[in-house]
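[1] Return a 3D structure for these sequence lines:
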Amino acid sequence: MIDRIDREILRRLQDDGRMTATALATEVGLTVAPCHRRLKDLEASGAISGYRAVIDPAAVGLGFEALVFVTLAQVDRATIDEFEAMVAEIGHITSAQRLFGDPDYILTIVARDLPAYQEFYDTRLTSLPGVLRLRSTLVMKNLKPGAGLPL
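    Model prediction:
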């Protein structure tokens with residue numbers, strides 16, 4: 001069971017995943033050993049599923065973002081499995097969510113610019129298995145990139 005101190009540890013790590021165990025312990029009012037034990041328990045339980053760097057897409061030449069709404073021609077287990085396996089392999093798809101209703105999926109795509117996105121759309125998205133319809137909308141501004149959970 002996650003208690004108040006565990007939630008505080010999670011809040012702090014969402015803000016700064018590189019925080020040392022010593023600094024984290026101080027922030028949450030524990031000594032290092034119990035804080036470290038709680039941290040390991042949170043990792044073992046899956047509450048913390050990993051650590052990663054947050055990279056600015058524009059800084060690495062991927063400042064163009066689009067949302068693509070995907071409707072499948074048929075929604076059967078084989079089509080879903082094949083579609084989801086292909087989506088998982090494509091790096092420019094940074095987020096993919098299966099939805100209830102129509103459309104079936106929403107994908108977040110990053111690209112260098114509009115021509116690069118068009119090329120990606122024409123060659124990769126249109127070749128995804130089982131696709132009936134693709135609709136795109138372009139992201140004007142990302143208001144909450146990488147927002148943490150409300151703990």
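
[2] Report the contact partners of the most centrally placed residue in the chain.
    The centroid of the chain falls nearest to Ser95 when counting by Cα atoms, centre = their mean (5.2 Å). Residues in contact with Ser95 (Cβ atoms under 8 Å, 6 or more residues apart in numbering) are 106-108. C-beta coordinates here come from the backbone N, C-alpha and C atoms, glycine included.

[3] Now do the strands in this structure.
    Secondary structure of the chain (DSSP state E): strands at 64-72, 93-98, 105-111, 131-138.

[4] farthest residue from the center of the protein?
    Quick read of the chain (Cα atoms, centre = their mean): farthest out is Thr31, 32.8 Å.

[5] between the strands of the chain, which gets nearest to Arg38?
    strand 93-98 (29.9 Å; Cβ to Cβ).

[6] Could you export the closest one as PDB, CA atoms only?
    Provided in PDB are the C-alpha atoms of strand 93-98 (Å, rounded to 0.1, in the frame of the first residue of the first chain):
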ATOM      1  CA  ILE A  93       5.400   7.400 -33.100                       C
ATOM      2  CA  THR A  94       6.100   8.600 -29.500                       C
ATOM      3  CA  SER A  95       2.700   7.800 -28.100                       C
ATOM      4  CA  ALA A  96      -0.100   5.400 -29.100                       C
ATOM      5  CA  GLN A  97      -3.400   5.000 -27.300                       C
ATOM      6  CA  ARG A  98      -6.300   2.600 -28.100                       C
END
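
[7] if we can go back for a sec, among the strands of the chain, which is the most enclosed?
    Counting by mean count of other Cβ atoms under 10 Å, strand 105-111 has the highest mean neighbour count of the strands of the chain, with a mean of 20.

[8] mind checking how far Ile90 is from Pro103?
    From Ile90 over to Pro103 the distance is 18 Å, taken as Cβ to Cβ, to the nearest Å.

[9] And Met19, by the same measure?
    39 Å.

[10] now do Gln118
    20 Å.

[11] now swap in Ile109 and tell me
    From Ile109 over to Pro103 the distance is 14 Å, taken as Cβ to Cβ.

[12] can you check Val54 too?
    For Val54 relative to Pro103 (Cβ to Cβ), the value is 28 Å.
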